[in-house]
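**Q** fold the stuff below for me.
(chains A and B, ligands or ions: 1)
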Amino acid sequence: MTDAFAGDGGRPDPAEPGRAWVFGDNIDTDQITPSRFIVSSDPDELATHAFEDLRPEFSESVEPGDFVVAGENFGSGSSREHSPLSLVGAGVSAVVAQSFARIFFRNAINLGLPVLICPGADVIEDGDEIHVDLDAGVVTNHTRDETYEAEALPEFLQSLVEQGGLKAYTKAKLDR
Amino acid sequence: MSGKTLAEKLLSAKSGTDARAGDYVEADVDVAMAHDITGPLAFQTFDEVTGDDGELFAPDRTVFTIDHHAPADGVQAANNHNAVREFAAKHGAHQFDVGDGICHAVLVEEGFVGPGDLVIGADSHSTTYGGIGAFGTGVGSTDLGTALATGELWFRVPKTLRFEVDGDLQDGVYAKDLILRFIGDVGFDGCTYMAAEYAGSTIESLPIHERLVLSNMAIEMGGKTGLVAPDERTEAYLERQIGTEIDLDDAFVSDDDADYEAVHSYDAAALAPQVSKPSNPENAVDVTEVAGTEIDQLFVGTCTNGRYEDIKIVADILAGETIAPNVRMVVVPASKSVYQHMLQTGVFQTLTDAGAVIQSAGCGPCAGYHQGVLGDGDVCLATANRNFPGREGSMESSVYLSSPATVGASALYGEITDPREVETKRYDDTVFAEVLP
Ligand code: SF4
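**A** This next block holds a predicted model:
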């Protein structure tokens, strides 16, 4: 794995508007990163296969700063860290879902990828322009001129994400 | 304010805070574990965060095992094994090699975990340690790699789902049947983000090796850990088996007024032996519903039910008998000491006489890597913990899950058989020690 994803300042800012890629319920880790591609643990390589079977156009057209929006239980299935890593590699700004599977949530935070639990996310439509206020836990939909409440990330997790994930956080801790 | 659950108390103690469900804490890790599949990735993380001169937070409490692809079934596996050996040697960590056994069996048998410990493993069945009152939980490789360096890790304090069981289990019914029922009732994700806690008079009367079964499979309902409060049995077990003395006054139990997400109550006497149908552990039904289903392979082993007591139950049923001609039986002891006990007590002979194949200790075909994988159309009855599509081999194969007794009874007839139709034994904690000097 390279350092590129682990928070050396290269992450997009979720406060900047980006396109929403909308997915349904129970998107499991096999649908995010099919098993045949997880021999690689390189974020850029993984990004080229993100959602490959489910939505082949994703990896071709996703732009850094775009958002992934999903329904219930996003990231269920295996504990593979390759799934959030592929989204980091694709430059996804944050994942907004109605709920997450536990290990995906944890792995995403550890990799510095912001994840927001937003029960009202189901009204966001594919292609809407949104941005996220991580402190307040608010998702703003510019296309529809609406806002949705999300669970604000607890302070501790926010600082983890801001520092670029668990590796960067740990490095800083060890240097202290 | 309400009292605290066992999970809240354990994480409070390890984080030095007044931890309540929903809180985020940074807690001190007592023991960290990885194996031949998850180790190499965690080592990369460790090297990345520490630079070249990294030191483990506690080499004497860091354990690496070689159990998933052991003995190596290919070059990639062999290279992974070497990576584990090199990293362990370089950093002075404990390392168990090919044939020593499955991580979760080894950590308990070798006395690495005790009540109150916070144990993280880069393996989802690290929940197992809850059976002796440790907060055991599975983590990813970034988690493990950073914790190896700092001895700390962040946790969201889980809510608790409590399972209370009272009364006597019928003959032929074991902890495995209880946990399959629990999973069937709450569902595959029914305990997600939560700790499972097992309590009640039935649980208190369960020997430690059976409590470990309950904790092991907490993950099959999404549980972050699966806890049994340590008690006199735990104390006696640890003293006899491992020589560790614990002070129960320092051990934790949930407060009477603790706040649970839900409490599920069971009458042990009413429970029939359970079988989980393909292809999800939550498909648990009474054995009578699937009795007569023809099978091709029987698999006895895994971190769930590969202990000596489990294998002895099967041997007792098969003593002097031969397994049905249409089936093959693969037995994989969970650890080297289980293997040696089988030799010393004649269990090995009994099983081979009956027609079983016995392999060296490790994970065996549990995750479909080697040593007995299933082909297209094969039907297997296993003492394992997962039966997802393709779990033990072909996507066209199917796996039923049950207790060792149900596997033993089914071996006689070549079809799924109610273990209450044969004579079954039940073992307490002393049987594993029967041939110890
Ligand atoms: S026995 Fe199976 S479930 Fe247990 S650690 Fe090995 S592969 Fe995993």
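**Q** burial count for the nearest residue to B:F135 once chain neighbours are set aside?
**A** Ranked by C-beta to C-beta, 6 or more residues apart in numbering or on different chains and with sequence neighbours excluded, the top spatial neighbour of B:F135 is B:L10, at 4.3 Å. Backbone N, C-alpha and C define where each C-beta goes, glycine included. A count of neighbours around B:L10, defined by other C-beta atoms under 10 Å in any protein chain shown, yields 26.
**Q** before we move on, what about B:F57?
**A** B:F57: 16 surrounding residues under other C-beta under 10 Å.
**Q** next up, phi/psi of residue 31, please.
**A** The chain I'm using is chain A. A:Q31 adopts backbone torsions of phi -80, psi -30, taken as degrees, to the nearest 10.
**Q** look at chain B instead
**A** Dihedral pair for B:V31: phi -140, psi 140, per degrees, to the nearest 10.
**Q** pLDDT value on B:A196, please?
**A** Per-residue pLDDT puts B:A196 at 98.
**Q** output the helix or strand hosting it as CSV - backbone C-alpha positions only.
**A** Element membership for B:A196 (DSSP states H and E) is strand B:194-199. Extracted in CSV, the C-alpha atoms of strand B:194-199 (Å, rounded to 0.1, in the frame of the first residue of the first chain):
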residue,chain,number,x,y,z
MET,B,194,-23.5,-5.0,19.9
ALA,B,195,-22.0,-7.3,22.4
ALA,B,196,-23.8,-10.6,23.0
GLU,B,197,-23.9,-11.7,26.7
TYR,B,198,-24.9,-15.2,27.7
ALA,B,199,-26.3,-15.8,31.2
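**Q** packing partners of the next helix-or-strand element following that strand?
**A** Remark: after strand B:194-199, the chain's next helix or strand is helix B:201-204, criterion DSSP H and E. If contacts are counted by 3 or more C-beta pairs under 8 Å, 6 or more residues apart in numbering or on different chains; DSSP states H and E, helix B:201-204 sits against strand B:159-166.
**Q** return the list of helices and strands in contact with the strand it packs on.
**A** helix B:6-15, helix B:175-186, strand B:194-199, helix B:201-204, strand B:262-267.
**Q** tell me which of the ones you listed lies nearest to A:N107.
**A** Nearest of these to A:N107, taken as C-beta to C-beta: strand B:194-199 at 18.6 Å.
**Q** what's the angle between that closest one and strand B:262-267?
**A** Compare the direction of strand B:194-199 with that of strand B:262-267 by axes from the mean of the first three to the mean of the last three C-alpha atoms, to 10 degrees and you get 30 degrees.
**Q** what packs against strand B:194-199?
**A** helix B:6-15, strand B:159-166, helix B:208-216, strand B:225-227.
**Q** show me what contacts A:I103?
**A** Listed by C-beta atoms under 8 Å, 6 or more residues apart in numbering or on different chains, the contact set of A:I103 reads A:G75, A:S79, B:G138, B:G140.
**Q** then B:A19?
**A** For B:A19, the contacting residues are B:E8, B:L11, B:S12, B:V25, B:V157, by C-beta under 8 Å, 6+ apart.
**Q** can you map out the helices along chain A?
**A** A:29-32, A:43-47, A:57-61, A:82-89, A:102-110, A:155-162, A:166-175 (DSSP state H).
**Q** wait, does the longest one contact chain B?
**A** Yes. For a cut-off given as C-beta under 8 Å from any C-beta of the partner chain, helix A:166-175 has contacts with chain B, namely A:L166, A:K167, A:Y169, A:T170, A:K171, A:K173, A:L174.
**Q** so what touches that helix?
**A** Helix A:166-175 has contacts (C-beta under 8 Å, 6+ apart) with A:6-8, A:109-112, A:159-160, A:163, B:45, B:48-50, B:142-143, B:145-146, B:149-150, B:154.
**Q** what's the angle from it to helix A:155-162?
**A** Orientation note: helix A:166-175 sits at an angle of 100 degrees relative to helix A:155-162 (the same axes, to 10 degrees).
**Q** on that earlier part again, just the buried residues of the contacts of helix A:166-175.
**A** Buried residues within those, counting neighbours by 16 or more other C-beta atoms under 10 Å in any protein chain shown: A:6-7, A:109-112, A:160, A:163, B:45, B:48-50, B:142-143, B:145-146, B:149-150, B:154.
**Q** mind listing which of these are in strands?
**A** The strands, defined by DSSP state E, take in B:W154 from the buried ones among the contacts of helix A:166-175.
**Q** so, low pLDDT: which residues of the chain?
**A** No chain in the question, so chain A it is. Judged by pLDDT under 70, chain A has its weakly predicted residues at A:1-9, A:39.
**Q** you looked at the wrong chain, it should be chain B
**A** In the predicted model of chain B, residues B:434-437 satisfy pLDDT under 70.
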